[in-house]
Each structure stands twice: as C-alpha cells, then as structure tokens.
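S.K.: Just need the structure, nothing else, for what follows:
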Amino acid sequence: MATPDHKSPNVLLQNLCCRILGRSEADVAQQFQYAVRVIGSNFAPTVERDEFLVAEKIKKELTRQRREADAALFSELHRKLHSQGVLKNKWSILYLLLSLSEDPRKQPNKVSSYATLFAQALPRDAHSTPYYYARPQTLPLSYQDRSAQPAPSSGSLGSSGINSGSACALSGPAPTPQPLPPGQSHPAPGVGDGLRQQLGSRLAWTLTANQPSLQTTTSKGVPSAASRSVTRPRREGDAGGAVEVAEAALVRDILYVFQGIDGRNVKMSNADNCYKVEGKANLNKSLRDTTVRLAELGWLHNKIRKYTDQRSLDRSFGLVGQSFCAALHQELKEYYRLLSVLHSQLQLEDDQGVNLGLESSLTLRRLLVWTYDPKIRLKTLAALVDHCQGRKGGELASAVHAYTKTGDPSMRSLVQHILSLVSHPILSFLYRWIYDGELEDTYHEFFVASDPTVKTDRLWHDKYTLRKSMIPSFMTMDQSRKVLLIGKSINFLHQVCHDQTPTTKMIAVTKSAESPQDAADFFTDLENACQGKIDAAYFETSKYLLDVLNKKYSLLDHMQAMRRYLLLGQGDFIRHLMDLLKPELVRPATTLYQHNLTGILETAVRATNAQFDSPEALRRLDVRLLEVSPGDTGWDVFSLDYHVDGPIATVFTRECMSHYLRVFNFLWRAKRMEYILTDIRKGHMCNAKLLRNMPEFSGVLHHCHILASEMVHFIHQMQYYITFEVLECSWDELWNKVQQAQDLDHIIAAHEAFLDTVISRCLLDADSRALLNQLRAVFDQIIELQNTQDAIYRAALEELQRRLQFEEKKQQREAEGQWGVTAAEEEQENQRVREFQESIPRLCSQLRILTHFYQGIVQQFLVLLAASPDESLRFLSFRLDFNEHYRAREPRLRVSLGARGRRSSHT
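M.R.: Here you go, the predicted model:
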C-alpha cells in the first residue's frame with residue numbers, strides 16, 4: 001500500500017479533527033467523514049459576503065475587549081492585505097479568523113439566543129440562508145422522520161437553503177462515506193451514533209460517544225425531536241378512524257403551504273380554490289381555523305407566483321411588465337427569507353431536541369403573529385396582480401400608481417417601491433425621447449407612437465401621435481403633449497430642416513435618473529422634477545425650432561406674401577394686374593396659354609411696389625389655370641398660386657393651400673365686380689355728354705345710372721366687410737398669435753383658425769352655401785348689367801353717329817348751293833329716328849326686368865343675412881339696406897337686430 005501524502009487535503013483535514021477533539025485518528029473517524037461531506041457540500045454561512053463588514057466586526061470585538069492597539073494594528077494589516085491582491089478569498093479568511101476568535105463555550109447557548117430572537121418577533125433584515133433566490137417548489141416535498149441521516153445532496157441544499165432531514169426522500173439514500181485513511185478502521189456503532197443520526201448532522205461534531213442517556217429524552221426530560229414530528233395515534237373514543245394531528249405536524253404543513261406546496265394534512269382544493277385541512281384529520285376548531293387563516297398566505301403566494309411565471313416568459317409584455325414582474329420577484333424573495341428563517345428555526349429545534357413546550361418553539365399562534373405583516377404585503381401584491389391583468393406599458397404604471405393613493409403608510413411605501421421599478425423603463429423612454437428624439441419602443445409601451453410609413457413631408461402632422469391609453473396617470477395631458485412636441489421638434493429639425501445641431505446645444509441636458517429610486521423621485525414629485533425637466537426641454541427645443549424656421553426659412557415672410565398676393569392685400573399690384581389681364585381674360589378659357597399669363601404677371605410685378613418684395617417670395621408666385629368648363633372665360637379659370645415646399649409646407653399644407661385658392665377665387669370675383677362697376681361709371685361719365693343731343697334717351701341713361709349706383713353700394717359694402725371685418729381683423733389676430741407662439745403647433749393652430757374664420761365669414765363653408773349662391777347671383781346680375789349697358793350704348797352711339805352723318809351731309813350740300821335734303825331722304829331719316837325711338841321703351845323694359853331680378857336677389861340675400869347666427873353678417877344686412885328700401889318691401893326684415901340675434905340664439 002502506498003504511503004499517504006502528508007500534505008494531501010484528507011490527511012490535513014484528519015489531523016485538524018484530531019487536534020480539535022484531542023483524540024486519536026480511530027476515535028475521530030466519524031467526525032472526519034462528516035467534515036469531508038461538509039467541505040464537499042454547498043453549505044455557506046448565513047451572513048452576507050462583505051469583507052468590509054467582517055473587518056469591522058473584528059475591530060469592534062477587539063475594541064470591546066479593550067484592545068485598541070490591536071484593533072489599530074489589525075486595521076493597518078487589513079489595509080496592506082487589501083492593497084496587495086495576493087489572496088483572492090479575503091472575506092473567507094477574515095470570516096475564519098472571526099469564527100476562531102469566538103468563545104466555544106457560548107455554543108450551547110445557541111437555543112436561548114434563538115429564543116430571544118423569536119420572542120421579540122423576527123428581525124426585519126434577517127438573512128436566513130444564502131439560497132433565498134431559489135424557488136420554493138424545490139423544497140422537500142415529503143415528511144420523513146428526522147431520525148434519518150440527511151444526504152449531503154447539493155441539489156436540495158443549494159435550491160432550498162434549508163438543511164431538512166427529508167432531503168433524503170428526494171435525493172435517495174445517503175452516499176457512502178469516504179474511505180478512511182489507510183490503517184484506520186470504522187468504529188463499532190454505538191448509542192452515541194444512533195443519537196447523532198436522530199438529532200441530525202448539524203450538531204454531530206459536538207456529540208461524544210459516551211452519551212447513552214439521550215437517546216429518547218433530553219437532559220431536562222423533554223421528548224426528543226423524533227417524537228414531536230410523528231402523528232399521534234387516534235384516541236379510543238375517536239370515531240371514523242380519524243387520527244389526532246399534533247400541532248408540530250401542522251406547523252410543518254403550514255411552512256410548506258407558505259411556499260405553495262401541499263402538506264400531509266393541508267392540501268389545495270381546486271374546487272374551492274383554497275387550502276383546506278383534510279377531513280380525516282382530527283383537529284379542534286381553534287387549530288383548524290388558525291390553520292386555514294395561515295394557509296391563506298400560501299394561496300396569495302400561488303396567485304402572485306402564477307402571474308409572474310406566466311408573464312416573465314411573455315416577451316410581448318414589454319419592459320414595464322418585466323419590471324413589474326421583477327418587483328414582484330423581489331418582494332417574494334423577501335418573503336422567502338422569512339420562510340428560510342422559520343425553516344432554520346424548526347430545523348434547529350429538531351436537531352437540539354426543543355419541544356413545543358418551550359417558550360422559543362414554533363407554534364401556529366406565533367406563526368400567525370409573525371406572518372401578519374407579510375400577509376398584508378402579499379394581499380397588496382395580489383390586489384395589484386388582479387388590477388394589472390391585461391395591462392402593459394404606461395397603462396400598467398397607471399394601475400400601480402392608483403394604489404399609492406392610500407392612507408396606509410406601509411402599503412403606500414410598498415406600492416411606491418414597486419412604482420419606482422415599474423416606472424424606470426418609462427423614464428428611460430422619456431429621457432431618450434426628449435433629449436435625443438429617439439423612440440425605441442418595441443412593445444408599444446410608451447405613450448408616444450411612431451408610424452414609420454409616413455413620409456417626411458407629413459412628419460409633423462402624422463408620424464408621431466399620442467397613445468392616450470398609455471399615458472401614465474401621474475402625467476397630465478398637457479405634459480404628455482409637451483413630451484410629444486419635444487421629440488417631434490428634434491426629429492423635424494434633423495429630417496426636414498436638415499439641421500444637425502447636437503441636442504446638447506439646444507437643451508441644457510441634466511443628469512438623467514438611472515436608478516429606480518431616481519425614477520420614483522421623478523414621478524412622485526411631478527410639480528418639481530417631472531414638470532421642471534419637461535418644461536425646460538420643451539421651451540428650449542421649441543424656441544430653437546421657431547428660430548430656425550423664421551431666420552433660415554423665412555416663415556413669417558412667406559406668411560405675409562400669402563396675405564399680399566393670394567388675399568389681394570397688395571392693392572396696386574392687383575389693380576394693375578387686372579388692367580393687363582383684361583384683354584386676355586375676356587377671351588374663352590380654352591384659348592389661354594399659361595406662359596402668356598406668366599409674362600403678364602412678371603410685368604405687373606415690375607411695374608408696381610411688388611418689385612421690392614423678397615426675391616424668394618416672388619420666385620414662388622405663379623399663375624394657375626383651373627379646370628375649364630364649357631362656356632368659361634378667362635376670368636373664370638384664372639388664379640394666382642404660391643409654391644411651398646420644405647419646412648414651410650408643414651404650416652402651408654395642401655389643405656391650407658386649397659383654402660387659399662378658394663378664398664382667392666372669391667376675392668378675385670368680388671374684385672372683378674368692383675372693376676366692372678368702375679367701367680360702368682366711366683361709361684356713364686363719358687357717354688353722358690355725347691348723348692346730350694338725344695333727349696329721348698335720357699330716361700334710359702338715368703335708369704342705368706340708378707341701377708349701377710345700387711350695385712356700387714352693394715359691392716362697396718361687401719368689399720368693406722370682406723377686407724376690414726374679415727381679412728384685416730383675422731390677420732391681426734393671427735399675427736398676434738404667431739408672435740406669441742411657443743411652439744410650431746401653436747403657429748399651425750393659429751393659421752388653421754385664421755383660414756377657418758376667413759372661409760366661414762366669406763360664406764365659403766357648407767353652412768353658408770345658400771348665401772354664397774345668392775351672392776353669386778348678384779354678381780351675375782352685375783355682369784348682365786354690363787352687357788345690357790354696353791348694348792344700349794352701342795345702339796345709342798350708332799344712332800348718334802347716323803344723325804351726325806345726316807346733318808353733316810345736309811350742311812355740305814347747303815354749302816354747295818344745293819338743297820340740303822330731298823323729301824325722300826328726309827322721310828327716310830324720320831322713319832329711322834322713329835324706329836329708334838320706338839326701341840327705347842324696349843330698352844327701358846330690359847332695365848326694369850334686370851332691376852327687378854337684382855332687387856329680388858338682394859332682398860333674399862338680406863333675409864338670409866338677417867337669419868344668420870353670425871353677428872357681423874346681421875350688421876352687414878343693416879348696412880346693405882341703409883335706407884330701409886328693402887325693409888319696406890319685406891316684413892321679415894323689420895325685426896330689430898337685437899331681436900334677430902335673440903331669435904337666432906333660441907333656434
């Protein structure tokens with residue numbers, strides 16, 4: 001046989017056992033085998049592996065023994081040891097030194113220390129086992145007697161952290177002890193060995209072979225642990241074969257029920273969805289009720305565990321949901337720590353023979369007291385689980401936040417802690433969005449949604465929206481809108497404005513909260529932290545965006561150009577353009593060419609003050625021909641256009657430009673009516689002197705003058721209403737809002753409100769269709785008057801020309817000494833004059849018919865105006881009928897303006 005190596009671990013360990021016990025190698029064989037199993041197992045001390053904490057404990061112990069110099073020397077030596085890095089497991093070495101320094105005489109008092117511990121209730125941060133991360137389902141499932149030697153199974157010990165004697169039921173029989181060193185033999189099993197098997201392996205090293213009197217009872221006569229774990233046989237008077245269950249067995253069952261595992265006597269009833277004591281168990285009502293009350297803790301645990309198990313594997317649950325599950329796991333981990341302490345206490349009582357009769361032992365009533373607070377916490381968690389079913393993202397955070405509104409400080413603290421973990425992903429989304437403009441929301445949890453199919457030109461309007469269901473309840477709608485605008489502004493600057501300025505130059509980026517506690521502070525102090533950071537980023541980003549739009553892209557200049565050209569604000573340009581376009585626009589629409597009209601437009605620009613406008617605005621001004629209908633002239637299809645692109649197209653969208661086109665056509669038509677009436681007045685002034693020698697024609701001229709005056713009054717009042725009450729007032733309001741705008745959305749909203757006001761008050765909306773039709777009929781009557789008057793003037797001037805030619809011929813003949821006219825010629829001339837005079841009544845009749853139609857249309861228009869809900873339109877009806885001519889003809893116009901307003905408001 002080979003000589004054993006004196007430096008091998010086995011030999012050294014055996015020598016250590018001999019040195020500690022002071023016996024020979026043959027006497028310490030069993031202790032040596034136990035030591036080998038301990039070294040090869042996963043046992044770990046039930047303290048935190050903190051090197052600094054152990055060093056502090058050593059220094060405090062030295063100070064307590066009044067060895068201050070040794071404490072200072074130890075501190076210096078520890079500092080040198082820590083700086084060298086030669087040793088890897090410094091904590092283990094320090095812990096070994098601390099353990100060796102403890103007085104071995106204090107070891108028998110361990111039970112009394114546990115009694116003191118449990119008599120004062122459980123400590124808050126008791127670390128019972130280093131294996132509290134394990135799932136409770138891996139704890140032992142059977143209830144073997146503690147008399148069996150526990151197997152050193154690393155699986156059961158490592159998963160549960162509790163040295164339960166029932167581990168052998170899961171892991172099989174205990175492994176064969178390691179062989180003794182050569183030359184040693186196994187000692188004969190004695191009474192002491194049987195006692196060690198009964199009391200368990202934890203305290204076996206303290207027992208000696210000369211203790212035969214402790215096999216069944218302890219030194220004080222208390223029954224051993226083996227007797228307290230066995231179910232008592234039924235009494236003689238018991239009926240139905242029921243057995244009486246000892247309270248110790250119920251304690252064991254309850255400890256497993258706490259972990260969701262069925263016990264021998266307490267099992268889960270799927271029908272009733274609760275834990276119940278089996279009917280065959282003979283228990284008094286008090287123990288049964290207490291057991292049921294304690295079993296509720298296991299039901300709550302199962303409910304929470306089921307939710308976390310289902311959701312933890314669901315990736316679509318998102319980061320917020322996973323954070324919620326992690327928070328629940330963290331709370332369950334603290335719950336498992338308590339269970340580990342209770343299991344350790346129960347194991348220690350079994351190992352040292354403590355019975356229920358002692359003050360420190362575990363009982364159902366003590367469990368009821370010690371689990372009161374954990375039960376409240378689990379109830380809160382279970383209620384949260386019920387309330388959060390089917391929710392994710394911000395909606396889940398809102399559900400958790402709703403439970404913070406409670407008057408219970410402990411419950412509020414628990415929910416706030418969970419909220420801090422749940423809200424941390426939302427906080428990460430928020431910071432990434434408002435400081436970088438990036439949105440990485442794979443599972444659609446954030447309240448800002450992005451549509452990747454939207455093109456760049458619609459980025460501001462359609463790409464980013466709010467998911468209202470995901471807005472956390474601790475954020476207001478105004479805060480959510482600002483958050484949306486911040487990130488949208490950053491993306492708009494980068495993608496549309498092509499401004500690559502770093503975000504740090506736009507926003508004074510503060511340190512983002514990375515820890516869950518910072519997240520809790522962020523969301524619980526909304527008025528300061530949340531509101532302040534969001535407002536700062538909102539104001540700075542929006543201000544920078546508006547500066548870029550105004551300075552680089554001249555947004556306000558383009559807005560003023562729209563007012564001057566499309567809303568006819570540049571009066572000299574519009575008048576000159578009409579004069580130049582008149583020869584072209586009187587032609588049929590099919591004969592017009594856009595390039596000819598564009599040349600005329602450029603001529604009008606160069607000849608008026610429009611030439612001093614910005615070249616960028618003039619470059620965008622163009623001519624547009626509308627769709628041609630049969631019978632249309634150039635006046636019906638001509639329109640000005642203003643090209644927009646890039647960032648300014650965000651404000652002047654296609655819908656806005658279509659509104660501008662409608663308003664321009666209306667204003668252009670009204671301007672043309674004014675232009676026509678001006679030509680009619682010119683014709684009156686020029687032809688009045690020419691037709692002075694035709695007194696029979698004066699009545700026709702007077703009738704034309706009266707009708708034209710009525711039309712001029714109507715058009716002037718309409719032009720005043722449109723120009724001043726509609727356009728100027730609305731434009732002034734728009735300009736004030738634009739100057740005070742804090743973000744681009746304010747400008748867009750103000751501009752759209754301006755266009756809506758202009759559209760509605762210019763009678764272009766759907767509600768004013770009847771008014772617009774009447775107004776267009778009035779315009780048609782003005783054009784009809786122009787055509788009728790042109791025909792009358794043509795006929796009158798032709799007649800005047802013939803009369804002048806006849807007189808000139810007569811005078812020429814008289815100068816030649818001949819008769820001025822012959823009888824036949826004079827008769828022919830008189831016949832022609834009579835025919836012309838006979839046509840005058842027909843012309844007057846045409847004018848009267850035209851006047852009748854015109855006044856009927858105006859009267860109906862005034863009636864519609866008087867019934868309008870818009871106050872400005874009702875006052876317009878008063879100005880159009882200033883002399884009450886139509887009021888005398890129409891009874892519906894005789895109601896006062898105040899009564900009209902009240903009547904319209906009632907209707």
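
S.K.: Moving C-terminal from the longest helix anywhere in the chain, which element do we reach first?
M.R.: Ranked by number of residues, the top helix in the chain under DSSP state H is helix 769-815. Downstream of helix 769-815, the next assigned helix or strand under DSSP states H and E is helix 823-866.

S.K.: Show me what that following helix is packed up against.
M.R.: helix 698-720, helix 769-815, helix 871-880, helix 885-889 (3 or more CB pairs under 8 Å, 6 or more residues apart in numbering; DSSP states H and E). Quick note: C-beta positions are derived from backbone N, CA and C, even for glycine.

S.K.: name the helices or strands packed onto the helix or strand following the first one?
M.R.: If you walk from helix 698-720 toward the C-terminus, the next helix or strand you reach (DSSP H and E) is helix 729-740. Using 3+ CB pairs under 8 Å, 6+ apart, the elements in contact with helix 729-740 are helix 744-761.

S.K.: quick check, distance from the helix it packs on to the centre of its chain.
M.R.: Centroid separation for helix 744-761 versus its chain: 27 Å, with CA atoms, centre = their mean, to the nearest Å.

S.K.: Show me which residues of that helix are buried.
M.R.: In terms of neighbour count (16 or more other CB atoms under 10 Å), helix 744-761 has its buried residues at 744-748, 750-752, 754-755, 757-759, 761.

S.K.: Check those residues against residue 344 and report the nearest one.
M.R.: Comparing the buried residues of helix 744-761 against residue 344 with CB to CB places residue 745 closest, at 62.9 Å.

S.K.: Name the nearest residue to the closest one, sequence neighbours excluded.
M.R.: In this structure, residue 745 finds its nearest non-sequential neighbour in residue 485, 6.2 Å apart by CB to CB, 6 or more residues apart in numbering.

S.K.: what's the burial count for residue 251?
M.R.: When counting by other CB atoms under 10 Å, one arrives at 24 neighbours for residue 251.

S.K.: Secondary structure element holding it?
M.R.: Using DSSP H and E, residue 251 falls in helix 247-257.

S.K.: The following helix or strand past that helix: partners in the sheet, and parallel or antiparallel?
M.R.: Next in sequence after helix 247-257, counting helices and strands by DSSP H and E, comes strand 266-269. According to DSSP bridges, strand 266-269 has the following sheet partners: strand 274-277 (antiparallel).

S.K.: Give me the contact list for the partner strand.
M.R.: 257, 265-269, 283, 288, 291-292, 295-296, 298-299 (CB atoms under 8 Å, 6 or more residues apart in numbering).

S.K.: Okay, now the unreliable bits of the chain?
M.R.: 1-7, 41-48, 85, 103-243, 352-360, 508-529, 895-907 (pLDDT under 70).

S.K.: domains of it?
M.R.: For the chain, the TED database gives the domain ranges 7-42, 45-73, 247-352+360-390, 404-553, 669-892.

S.K.: neighbours around the closest residue to residue 488 other than its chain neighbours, how many?
M.R.: With CB to CB, 6+ apart as the criterion, residue 488 has its nearest non-adjacent residue at 4.9 Å, and that residue is residue 464. Each residue near residue 464 was counted by other CB under 10 Å, and the total is 21.

S.K.: roughly how far apart are residue 464 and residue 10?
M.R.: Going from residue 464 to residue 10 by CB to CB, to the nearest Å gives 71 Å.

S.K.: Give the next helix or strand downstream of whichever strand or helix holds the residue nearest to residue 745.
M.R.: Element membership of residue 485, judged by DSSP H and E, is helix 477-495. Counting by DSSP H and E, the element after helix 477-495 in chain order, helix or strand, is helix 503-506.

S.K.: export that next one as PDB, just CAs?
M.R.: The C-alpha trace of helix 503-506 is given here as PDB (Å, rounded to 0.1, in the frame of the first residue of the first chain):
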ATOM      1  CA  THR A 503     -29.200  68.300 -28.900                       C
ATOM      2  CA  THR A 504     -26.900  69.300 -26.100                       C
ATOM      3  CA  LYS A 505     -26.600  72.800 -27.800                       C
ATOM      4  CA  MET A 506     -30.400  73.100 -27.900                       C
END
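
S.K.: Would you mind pulling up the elements that it packs against?
M.R.: Using 3+ CB pairs under 8 Å, 6+ apart, helix 503-506 is in contact with helix 531-547.

S.K.: buried set for the helix it packs on?
M.R.: By neighbour count with 16+ other CB under 10 Å, helix 531-547 contains the buried residues 531, 533, 534, 536, 537, 538, 540, 541, 542, 544, 545, 546.

S.K.: Distance to residue 855 added to these, as JSON lines?
M.R.: Below are the buried residues of helix 531-547 laid out as JSON lines (distance: CB to CB, whole Å):
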{"residue": "531", "distance to residue 855": "64"}
{"residue": "533", "distance to residue 855": "68"}
{"residue": "534", "distance to residue 855": "63"}
{"residue": "536", "distance to residue 855": "65"}
{"residue": "537", "distance to residue 855": "64"}
{"residue": "538", "distance to residue 855": "59"}
{"residue": "540", "distance to residue 855": "63"}
{"residue": "541", "distance to residue 855": "60"}
{"residue": "542", "distance to residue 855": "55"}
{"residue": "544", "distance to residue 855": "60"}
{"residue": "545", "distance to residue 855": "56"}
{"residue": "546", "distance to residue 855": "53"}
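
S.K.: Return the closest of those residues with respect to residue 101.
M.R.: Among these, and counting by CB to CB, the member closest to residue 101 is residue 533, at 53.1 Å.

S.K.: Next, format the helices and strands packed on helix 823-866 as TSV and append mean neighbour count and distance to residue 497.
M.R.: Output for these, formatted as TSV (neighbours: other CB atoms under 10 Å; distance: least, CB to CB, whole Å):
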stretch	mean neighbour count	distance to residue 497
helix 698-720	17	40
helix 769-815	16	40
helix 871-880	17	39
helix 885-889	15	56
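
S.K.: how about residue 621, phi and psi?
M.R.: Main-chain torsions, residue 621, degrees, to the nearest 10: phi -80, psi 130.

S.K.: neighbours around it, how many?
M.R.: 21.

S.K.: just residue 623 next, same as before
M.R.: Using other CB under 10 Å, residue 623 is surrounded by 19 other residues.

S.K.: Let me know whether it touches residue 597 as I believe.
M.R.: Yes: between residue 623 and residue 597 there is a contact under CB atoms under 8 Å: 4.5 Å.

S.K.: Identify the contacts common to these two.
M.R.: Counting by CB under 8 Å, 6+ apart, the common neighbours of residue 623 and residue 597 are residue 638.

S.K.: in stretch 815-828, what's buried?
M.R.: Buried residues in stretch 815-828, defined by neighbour count with 16+ other CB under 10 Å: 820, 821.

S.K.: same question but for stretch 70-87, I mixed them up
M.R.: Quick answer for stretch 70-87 (16+ other CB under 10 Å): 71, 74, 78, 81.

S.K.: Tell me the spatial nearest neighbour of residue 555, not counting adjacent residues.
M.R.: residue 549 (4.4 Å).
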